[in-house]
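Colleague: Sequence isn't available, so here's the structure alone:
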């Protein structure tokens, strides 16, 4: 590993890309500590601690704690992701967006432009909602003093918050695009990645304090580290898992040249939907707890929020079922077997033993349905696993998040994608990459 990193730094272009990416991420982390004017971050953090598991706490995970600190990056990159998902969904039902998706580079530029406009609109709406929410928070006890989150509420505070948070989101979006252009890895994904990883040192420190205080055994902590290692290995295995469908292309004579006659495959990923189903499921199931914050005196909301508490088996059951549903739902949106079969038929491709056209699309859909089921069960198991850790091992939620759930899936997926890009740069210049042992074994078998 050390030798591979040294080789990466020897390549001038790759070294510049790595240093540029690190510099951009440092700028993002510094901006995550610049406070939003007119807000008491200490009182807001104390209120969110008392509120427990809500949609705001889930949101705070993606922005690296910036929402809790009421910083200019409190919205993070989530409005951009929301706009991207909306545009992607529109591409499945609106003919205009379907046409843009098929227009190549020009279509992608227009989709990117619409995504930016959508990001600004969503940021303005969310920042206005956040400003109203901050004003509605009652005085919070911080130590022995009751403090107000917004000392001077009103339209002045709301407009200032909308401008500040929207500008912060636009700046983060620009940082992510710069990483795509001049850095290494996917810029938006890396920004979310660094926000999640930034919580890890404080979580480790919290566990260390428990060991020092005697509330947690050192052997329990060692077992937890081993369990975390095994969980990460399992997530990597499933994330990289594929079902390969063989495809043969017939030979075609165009002028004096012969095209086709090649064998390839269609890689169907076990986890095609990625982390999106967990995000959708958590967003829905956190609604009762969030509504309880707005209706503190409602007995019905109190009872409903109790059923959907993070430690409730009812929450676990509906959480798992919702994840499985959204896995199939989102996979059906982003993967169209009919279009794939039509493109294969257009270029003379076919699956051995399957007729081109409708039979091919039905065959691919059948395989995809079977492959998606273990992927959906895997997502549900990984998402629920941290809550079992909390209940059985006396672990805090901030530390248990690294045993599964949205955070772990994002961290593993982004890390694998970035390593693969670094690997491609090394292989182009005849350096051994991170997969050196696997390639050597493959050569010996040949």
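Modeller: The structure has been received and is ready for your questions. Remember, it's a predicted structure, so these values are computed and weren't measured experimentally.
Colleague: burial count for residue 308?
Modeller: Neighbourhood size, residue 308 [other CB atoms under 10 Å]: 19. C-beta: built from backbone N, CA, C; applies to glycine.
Colleague: which residues sit in contact with it?
Modeller: Listed by CB atoms under 8 Å, 6 or more residues apart in numbering, the contact set of residue 308 reads 285, 288-289, 314-315, 318.
Colleague: So which of these wins on neighbours?
Modeller: Counting neighbours by other CB under 10 Å, residue 289 leads the contacts of residue 308 with 24 neighbours.
Colleague: Break this structure into its domains for me.
Modeller: If you go by automatic domain parsing, the domain ranges for the chain are 17-187, 230-403.
Colleague: Can you tell me which of these is nearest to residue 421?
Modeller: domain 17-187 (5.5 Å; CB to CB).
Colleague: Off-centre distance for that closest one?
Modeller: Put simply, domain 17-187 sits 14 Å off its chain's centre (CA atoms, centre = their mean, to the nearest Å).
Colleague: Endpoint to endpoint, that domain covers what distance?
Modeller: 12 Å (CA to CA, to the nearest Å).
Colleague: What mean pLDDT does it get?
Modeller: For domain 17-187, the mean pLDDT works out to 83.
Colleague: ok, residue 68 touching residue 39?
Modeller: No. Applying CB atoms under 8 Å, one finds residue 68 not in contact with residue 39, separated by 11.2 Å.
Colleague: Give the buried residues for the helix or strand containing residue 84.
Modeller: If you go by DSSP states H and E, residue 84 is part of helix 78-93. Neighbour-count burial for helix 78-93 flags 78-85, 87-88, 90-91 (criterion: 16 or more other CB atoms under 10 Å).
Colleague: Verify the contact between residue 235 and residue 408 for me.
Modeller: Yes. With contact defined as CB under 8 Å, residue 235 reaches residue 408; the gap is 6.1 Å.
Colleague: Now the common contact residues for these two.
Modeller: Residues touching both residue 235 and residue 408 (CB under 8 Å, 6+ apart) are residue 382.
Colleague: wait, is residue 415 part of a helix?
Modeller: Yes. Residue 415: assigned to a helix according to DSSP: H, G, I helix; E, B strand; the rest coil.
Colleague: Check the spacing between the closest residue to it other than its chain neighbours and residue 230 real quick.
Modeller: Leaving aside its chain neighbours, residue 415 sits nearest to residue 193 (7.3 Å; criterion: CB to CB, 6 or more residues apart in numbering). Residue 193 sits 21 Å away from residue 230, going by CB to CB, to the nearest Å.
Colleague: So for these two, which residue has more residues nearby?
Modeller: residue 193 (23 against 11).
Colleague: secondary structure element for the more buried one?
Modeller: Counting by DSSP H and E, residue 193 is part of helix 187-197.
Colleague: List the contacts of that helix.
Modeller: Helix 187-197 has contacts (CB under 8 Å, 6+ apart) with 21, 24-25, 28-29, 32, 61-66, 76-77, 80-81, 172-173, 175-180, 183, 407, 410-411, 413-415, 417-418.
Colleague: and residue 397, what pLDDT?
Modeller: Note on residue 397: pLDDT of 62.
Colleague: The stretch 1-150 of the chain: strands as residue ranges?
Modeller: 140-142, 145-147 (DSSP state E, counting those that start in this stretch).
Colleague: Fine, thanks again, bye for now.
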